[in-house]
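**Q** below are the sequence and a predicted model; questions follow.
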Amino acid sequence: MNLKNLRVNEHRLRTSLEKMAEIGQTPKGGVHRLALSDEDREARNLFVNWLRELDLEIIIDELGNIFGRRRGEQDHFPAVLMGSHLDTQPQGGRFDGILGVLGALEVMRTLHENKIKTERPLVIVDWTNEEGSRFSPAMMGSGVWTGKLNRDWVYNRTDIKGKRVGEELVRIGYRGEKEAKSFPVYAYFELHIEQGPILDKEGIKIGVPRGIVGIVWADLFVEGQSNQVGPTPMEGRNDALCAAAEMILQVEKLPQDMGGNMVATVGEIHNLPNSRNIIPGQVRFTVDIRSWDDELLRRGKEYLQTQVQKIAERRGCAFRWEDIWMINHTPFAEELVQLVKKTAAELGYSTKEMVSGAGHDASYLSQIAPTAMIFVPSIGGRSHVEVEETKWADCAAGANVLLHCVWQTAAGRAE
Ligand code: GLV
Ligand code: MN
Ligand code: MN
């Protein structure tokens, strides 16, 4: 067979995506499948069963990253790696991450049924805790695997209930034996939904990201004084929530103050004791700042730190800033970016170069191996929400681009 005619099976891809979406499904058609939860375990089990059906060598490392390895004719050659993540945001969507894993699975299935051999080994991966919602930071599995995050520090990260990553990995049965350490990777490909409005708005099939923005995560702690709301006069209060409110608006204004090319968000807030008739005494909230410009990101963070400190002082509140995570912007490998673009065009799909505003495991991967991503449209640009949606034909188009990039990079041939 002429490999140029090879296509994935859209129906099979859809069926797998729908089956996976049953695990943690929410009433409004989304998925709630937080990292290392019971739902995550169930999703992993299903994925591992699918890998078994293809006779792949299954490797689970000490961070719970799951790999399915297909032998190459030159099996000692560095592998072509493809994948993403199966965990979701709280009340998240059915496609973010999942398409990258199940799209890669569909690529494996297509190669398998067509008896295509590749010179290089092919590996599919599900990275642990990409979302960073239950346990921060994000991209834990790929971060440790690429040597950018420390394993024991990651094991000790806790969720809101005090549960640790290391213990939760054991509890769900996915703390594997193998050291979480990179093997030689010839190229890494990650298929993903765009999660923004551009492709859908412009009617383009395939987005070709040139790289991923830099990200800063921090936790901010404000301490004021709790008291009875009635007898305590308005003058002289140290209301931690009001101080936090002012700080949050400062976060929103940060991109404007820094001159653009930046987004800044407070997404999570914890108010104590959280009672209608107690003046709030303690507040913790998260800050997420993103920019393609690392220097601007750094300056923005410093500027914000001084601004929020001033607010705390003026309001007589104690204040602490805790750095959680920082990752520089990551440009992808030019030759792979061009390969994705050319391959999509050869398959008859329109393309557009862009920048990813969302974080991806591809950030860490690009620091150790040539990396590229393939984006497909998100309807209405909605993502990290239950209504996250991508047309099945677009999912298949993305998987076809992945398939063709992969067989070319891994030097495939028909029997
Ligand atoms: C990952 O989902 C991100 O926060 O962009
Ligand atoms: Mn994702
Ligand atoms: Mn996400």
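**A** Received it, and whenever you're ready, just let me know what you need. Residues are numbered from 1 along each chain as shown. Ligands and ions are numbered 1, 2, ... in the order given.

**Q** check contacts around the residue of the chain found nearest ligand 2.
**A** At 3.9 Å from ligand 2, G97 is the closest residue in the chain, using C-beta to the ion. Any C-beta I mention is one placed from the backbone N, CA and C, and that applies to glycine too. Going by C-beta atoms under 8 Å, 6 or more residues apart in numbering, G97 touches 84-88, 130-131, 192.

**Q** spatially nearest residue to it (excluding sequence neighbours)?
**A** Excluding its sequence neighbours, the residue lying closest to G97 (C-beta to C-beta, 6 or more residues apart in numbering) is H85, at 3.7 Å.

**Q** rewinding a little: and ligand 1, which of the contacts of G97 contact it?
**A** Among these, proximity to ligand 1 is found for E131 (C-beta under 6 Å from any ligand atom).

**Q** the contacts of G97: which ones sit near ligand 2?
**A** Contacts with ligand 2 are made by none of these, judged by C-beta under 5 Å from the ion.

**Q** closest one of the contacts of G97 to R315?
**A** Of all the contacts of G97, R315 sits closest to E131, with 33.1 Å by C-beta to C-beta.

**Q** wait, what's in contact with that closest one?
**A** Applying C-beta under 8 Å, 6+ apart to E131 gives the contacts 34-35, 85, 87-89, 92, 97, 138.

**Q** show me these that map onto helices.
**A** Of those, none are assigned to helices by DSSP state H.

**Q** report the buried members of those.
**A** Buried by 16 or more other C-beta atoms under 10 Å: 34-35, 85, 87-89, 92, 97, 138, out of the contacts of E131.

**Q** turn these into CSV, columns for distance to N328 and pLDDT.
**A** Output for these, formatted as CSV (distance: C-beta to C-beta, whole Å; pLDDT from 0 to 100):
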residue, distance to N328, pLDDT
L34, 27, 98
A35, 24, 98
H85, 21, 98
D87, 24, 98
T88, 26, 98
Q89, 24, 98
G92, 26, 98
G97, 22, 98
A138, 14, 98
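
**Q** from those residues, which is closest to S226?
**A** S226 has its nearest neighbour among these in L34, at 30.6 Å by C-beta to C-beta.

**Q** how close does the closest one sit to I23?
**A** Using C-beta to C-beta, to the nearest Å, L34 is found at 12 Å from I23.

**Q** shared neighbours, those two?
**A** Common neighbours of L34 and I23, using C-beta under 8 Å, 6+ apart, do not exist here.

**Q** stretch 388-408 near ligand 2 at all?
**A** No: residues of stretch 388-408 are not located near ligand 2 by C-beta under 5 Å from the ion, the shortest gap being 10.5 Å.

**Q** in that stretch, which residues are buried?
**A** 388-390, 394-408.

**Q** keep only those of these that are in helices.
**A** 394-408.

**Q** who are the contact partners of E113?
**A** E113 neighbours (C-beta under 8 Å, 6+ apart): none.
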